[in-house]
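Colleague: I would like to see how this sequence folds:
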Amino acid sequence: MRKFGVIGNPVDHSLSPMIHHEFAKEFDIELSYEKILSPVDAFNLTAEKFMSSGSSGFNITLPFKINAYNFADDLTDEAKAAGAVNTIKIDNNIIFGENTDGKGLVNDLERNLEQTLRDKEILIIGAGGATRGILKPILDKNPEKILLANRTKEKSLRLANEFSEYGKVCGFGIDQIKSKPVNIVINATSSSIDGTMLNLPKGLCEGALCYDLMYGSETPFMKWALKDSALIISDGLGMLVEQAALSFEFWLGKKPSTRPVINLIRERVDL
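Modeller: A predicted model of the protein is given here:
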């Protein structure tokens with residue numbers, strides 16, 4: 001039996017065990033997948049202990065994605081660009097680090113929501129770690145440009161400059177967002193976790209796809225987007241499942257079906 005898990009703090013809320021067990025059923029693979037709570041100052045120790053127990057790999061969630069980046073022996077291009085790792089694979093005692101978050105988002109947008117990113121004007125709100133993880137995969141799809149807004153303007157400017165080698169990115173402060181509609185609005189802030197809503201101009205979402213990286217049936221951002229005449233509104237559950245599928249493929253070389261798992265979670269879990 002192959003052994004996997006997810007390391008985080010907190011980690012009780014994680015849906016990853018359910019997701020990966022559903023993936024395993026599709027291929028008749030026997031695996032275990034457990035939630036591992038790590039003290040905030042002991043990620044390396046926790047990871048090493050899990051590896052020594054016979055693990056083939058593990059996922060990493062908050063607040064340890066940068067720790068995992070530094071822990072890995074070898075990094076994929078996606079992980080290098082993001083500066084963070086959410087998937088570790090152990091092969092011949094080598095620790096490989098990958099970041100599947102951005103590709104997971106792109107797959108959800110393109111496959112499940114049937115959206116094209118090429119030549120689109122995309123506004124991303126927030127310039128933290130979540131945004132770092134999704135910028136390169138989105139830019140790889142050749143959007144017209146990405147508008148990057150953050151409470152601290154300097155942070156968005158630095159991030160825009162860092163990723164400008166991959167495509168057109170413009171950084172500015174949230175208070176500088178114009179009411180002109182864009183094609184896609186992505187909330188990459190922690191506002192939905194806090195249950196708060198950002199002060200955004202009316203008309204921004206008119207006719208747009210509005211996407212919250214957090215999952216939940218009605219996040220504050222989704223409620224606001226509905227009132228602001230968004231054409232399509234989505235939470236991040238699809239991204240969660242799609243990034244997990246990429247982790248599964250990274251570990252086992254098999255590409256699982258994601259739509260049935262997304263539907264299953266919607267039915268079973270009170271989000």
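Colleague: quick one: terminal-to-terminal distance for stretch 200-220?
Modeller: End-to-end distance for stretch 200-220, by Cα to Cα, to the nearest Å: 12 Å.
Colleague: Show me which parts of stretch 104-111 are buried, residue by residue.
Modeller: Applying a neighbour-count criterion of 16 or more other Cβ atoms under 10 Å, one finds 104-109 buried in stretch 104-111. Every residue, glycine included, has its C-beta placed from N, CA and C.
Colleague: can you tell me which of those lies nearest to Gly203?
Modeller: Leu109 (22.4 Å; Cβ to Cβ).
Colleague: Am I right that the closest one is in contact with Leu117?
Modeller: Yes - shown here, Leu109 and Leu117 form a contact pair, counting by Cβ atoms under 8 Å, at 6.5 Å.
Colleague: Quick check: neighbours shared by these two?
Modeller: Common neighbours of Leu109 and Leu117, using Cβ atoms under 8 Å, 6 or more residues apart in numbering, are Ile184.
Colleague: got the domain boundaries for the chain?
Modeller: 2-99+240-268, 102-235 (automatic domain parsing).
Colleague: Report the distance from the longest one to the chain centre.
Modeller: It stands for domain 102-235. For domain 102-235, the separation from the chain centroid amounts to 12 Å (computed by Cα atoms, centre = their mean, to the nearest Å).
Colleague: Could you tell me the end-to-end distance of that domain?
Modeller: Criterion Cα to Cα; first-to-last residue distance in domain 102-235 is 15 Å.
Colleague: Which parts of the helix or strand hosting Ala47 count as buried, going by neighbours?
Modeller: Take DSSP states H and E as the rule and Ala47 turns out to sit in helix 43-52. If you call a residue buried by 16+ other Cβ under 10 Å, then helix 43-52 has these buried ones: 43, 46-47, 50-51.
Colleague: For the residues you listed, name the two members farthest from one another.
Modeller: Phe43 and Met51, at 12.2 Å, using Cβ to Cβ across the buried residues of helix 43-52.
Colleague: thinking again about what came up before, which of the buried residues of helix 43-52 lies closest to Ala127?
Modeller: The nearest member of the buried residues of helix 43-52 to Ala127, counting by Cβ to Cβ, is Phe43 at 23.8 Å.
Colleague: ok, and the closest non-adjacent residue to the closest one?
Modeller: Nearest residue to Phe43 in three dimensions, chain neighbours excluded: Asn67, at 4.1 Å (Cβ to Cβ, 6 or more residues apart in numbering).
Colleague: how many neighbours does that neighbour have?
Modeller: Residues near Asn67, counting by other Cβ atoms under 10 Å, number 20.
Colleague: Just confirm it is within a strand.
Modeller: No - counting by DSSP: H, G, I helix; E, B strand; the rest coil, Asn67 falls outside a strand, being helix.
Colleague: ok, now which ones touch it?
Modeller: Taking Cβ under 8 Å, 6+ apart, one finds 43-44, 60 in contact with Asn67.
Colleague: Pull up the gap between it and Val85, please.
Modeller: Asn67 sits 9 Å away from Val85, going by Cβ to Cβ, to the nearest Å.
Colleague: Now for those two: what residues contact both?
Modeller: Common contact partners of Asn67 and Val85 (Cβ under 8 Å, 6+ apart): Ile60.
Colleague: just to revisit the earlier point, nearest to Ile146, of the buried residues of helix 43-52?
Modeller: Nearest to Ile146 among those, with distances taken as Cβ to Cβ, is Phe43, at 30.7 Å.
Colleague: Double-check that closest one against Phe71; I have them as touching.
Modeller: Yes - Phe43 is within contact range of Phe71, at 7.1 Å (criterion: Cβ under 8 Å).
Colleague: ranges for the strands of the stretch 51-200 of the chain?
Modeller: Assigned by DSSP state E, counting those that start in this stretch, the stretch 51-200 of the chain shows strands spanning 57-60, 74-75, 87-91, 94-98, 121-125, 145-150, 169-173, 184-187.
Colleague: Using PDB, write down the CA coordinates of the fifth one.
Modeller: Taking only C-alpha atoms (Å, rounded to 0.1, in the frame of the first residue of the first chain), the coordinates of strand 121-125 have been written out as PDB:
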ATOM      1  CA  GLU A 121      -8.000  40.900 -19.200                       C
ATOM      2  CA  ILE A 122      -7.700  39.400 -15.700                       C
ATOM      3  CA  LEU A 123      -7.800  41.200 -12.400                       C
ATOM      4  CA  ILE A 124      -6.200  39.400  -9.500                       C
ATOM      5  CA  ILE A 125      -6.900  40.900  -6.000                       C
END
